[in-house]
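J.: Sequence plus the predicted model coming up.
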Amino acid sequence: MNANSRKRNKVIKYCAIGVAILLTLLLLMFNSGVAFLERISGYVVTPVISAADSAVDSVGNFFASFGQRMKLKEELQKANERIAELENVESVAKEVKAENERLLTLWNEKETYPQFSYSYAKVIARSVDDYSATFTLNKGRVDGIKENMVVIAPGGLAGKVVEVAYQSCILLAVTDSRCGVPALSEASRDMGIVKGISSAGTTAGYCSMTQLPTNAIIKPGDAVITSGLGEVFPKGIKIGTVTEVSTGNGSKITSSAKITPSVDFDHLESVLIIIDTGEN
């Protein structure tokens with residue numbers, strides 16, 4: 001073998017060895033890279049994926065919790081609406097009960113004076129004028145109401161009708177100084193006139209029985225009723241009770257008495273208008 005052949009064989013041998021070494025290095029590098037990537041995935045990729053999963057779970061839990069809160073809110077709103085309905089029903093029931101009690105009380109008054117025919121009426125307005133004591137009732141000409149018809153309420157005499165409109169009328173209370181009622185003491189039979197008292201431009205809420213004789217024996221605690229004199233108030237309707245008596249003397253020719261009305265005008269809601277006294 002000549003020198004050129006030996007030289008060529010050496011080159012080929014060295015190239016083959018170099019290729020083998022290169023392949024080995026590449027394989028080593030490839031395997032090392034895989035391991036390296038595996039390590040990287042353990043330290044970096046896996047936590048990132050876990051964090052992403054946690055984030056997804058958190059978002060899911062948030063919407064699930066939000067949905068539950070909305071459902072609870074709707075249920076709470078429905079519960080509150082139901083409570084409001086029940087409270088309204090209870091309020092209506094209480095009002096109906098109170099109305100029934102008022103009607104029962106008025107019925108008792110009706111039974112006290114069975115000789116009269118009545119029209120039931122409700123108070124729809126009160127006077128705001130301190131100089132008067134009037135009430136607007138929800139009955140008028142269309143219901144057959146006329147002026148001077150007498151009105152009773154729980155307790156006894158409330159007053160008389162003084163104005164009539166088509167569907168309403170005005171009640172002048174016995175506590176108004178313009179309302180004079182012929183009256184007598186049920187016990188002593190002393191007679192006088194009961195009127196309301198106005199003091200400094202206001203109604204006092206009580207009455208005075210004037211024009212009593214000086215020798216009147218009327219006393220506190222006596223019941224005062226209508227005397228039937230005149231043409232307006234029938235006899236025997238209770239007006240109130242005597243609380244004080246002022247006896248006449250030389251300079252005072254008549255006696256007088258303070259009367260507390262039987263009707264609670266501060267809480268007057270329903271009345272009976274006498275439309276027929278039963279007298280021919």
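T.: Structure's in. What do you need? Numbering: from 1, shown residues only.
J.: now residue 125: how far from residue 268?
T.: Distance check for residue 125 against residue 268: by Cβ to Cβ, to the nearest Å, it reads 11 Å. All C-beta atoms are positioned from the backbone trio N, CA, C, and that covers glycine.
J.: Need the overlap of contacts for these two.
T.: residue 135 (Cβ atoms under 8 Å, 6 or more residues apart in numbering).
J.: ok, residue 176 touching residue 160?
T.: No - taking contacts as Cβ atoms under 8 Å, residue 176 lies outside contact range of residue 160: 10.0 Å.
J.: thinking again about what came up before, the more surrounded of residue 125 and residue 268?
T.: Shown here are residue 125 and residue 268; by other Cβ atoms under 10 Å, residue 268 has more neighbours (19 against 12).
J.: Contact partners for the more buried one?
T.: Counting by Cβ under 8 Å, 6+ apart, residue 268 touches 123, 135, 153, 158.
J.: what residue ranges in the stretch 151-280 of the chain are flagged as low confidence?
T.: Flagging of the stretch 151-280 of the chain using pLDDT under 70 yields the residue ranges 198-204, 248-253, 280.
J.: That one: strands as residue ranges?
T.: Per DSSP state E, counting those that start in this stretch, the stretch 151-280 of the chain carries strands over the ranges 156-164, 169-173, 181-185, 191-199, 202-212, 223-226, 238-246, 255-261, 270-276.
J.: Please name the bridge partners of residue 246.
T.: residue 256 (DSSP bridges).
J.: what about it, how many residues close to it?
T.: When counting by other Cβ under 10 Å, one arrives at 14 neighbours for residue 246.
J.: do residue 138 as well
T.: Neighbour count of residue 138, defined by other Cβ under 10 Å: 14.
J.: Bridged to residue 208, which residues?
T.: With DSSP bridges as the rule, residue 208 is bridged to residue 195, residue 258.
J.: need the contact list for it.
T.: Contacts of residue 208 (Cβ under 8 Å, 6+ apart): 194-195, 197, 256-259.
J.: Show me which of these is closest to residue 228.
T.: The nearest member of those to residue 228, counting by Cβ to Cβ, is residue 194 at 13.3 Å.
J.: That closest one and residue 207 touch, don't they?
T.: Yes - taking Cβ under 8 Å as the contact criterion, residue 194 and residue 207 are neighbours in contact, 5.0 Å apart.
J.: got any residues that touch both of those two?
T.: 174, 239-240, 259.
J.: In TSV: these, plus neighbour count and distance to residue 72.
T.: What follows is the shared contacts of residue 194 and residue 207, written out as TSV (neighbours: other Cβ atoms under 10 Å; distance: Cβ to Cβ, whole Å):
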residue	neighbour count	distance to residue 72
174	30	60
239	27	63
240	26	61
259	28	64
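J.: between those, which is nearest residue 186?
T.: residue 239 (9.9 Å).
J.: where's that closest one relative to residue 183, distance?
T.: 6 Å.
J.: before we move on, the earlier item: and the shared contacts of residue 194 and residue 207, which two are the farthest apart?
T.: 174 and 259 (8.7 Å).
J.: so what sits against both of those two?
T.: Common neighbours of residue 174 and residue 259 (Cβ under 8 Å, 6+ apart) are 194, 207, 239-240.
J.: Make a markdown table out of these and add distance to residue 225.
T.: What follows is these, written out as a markdown table (distance: Cβ to Cβ, whole Å):
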| residue | distance to residue 225 |
| --- | --- |
| 194 | 10 |
| 207 | 13 |
| 239 | 6 |
| 240 | 9 |
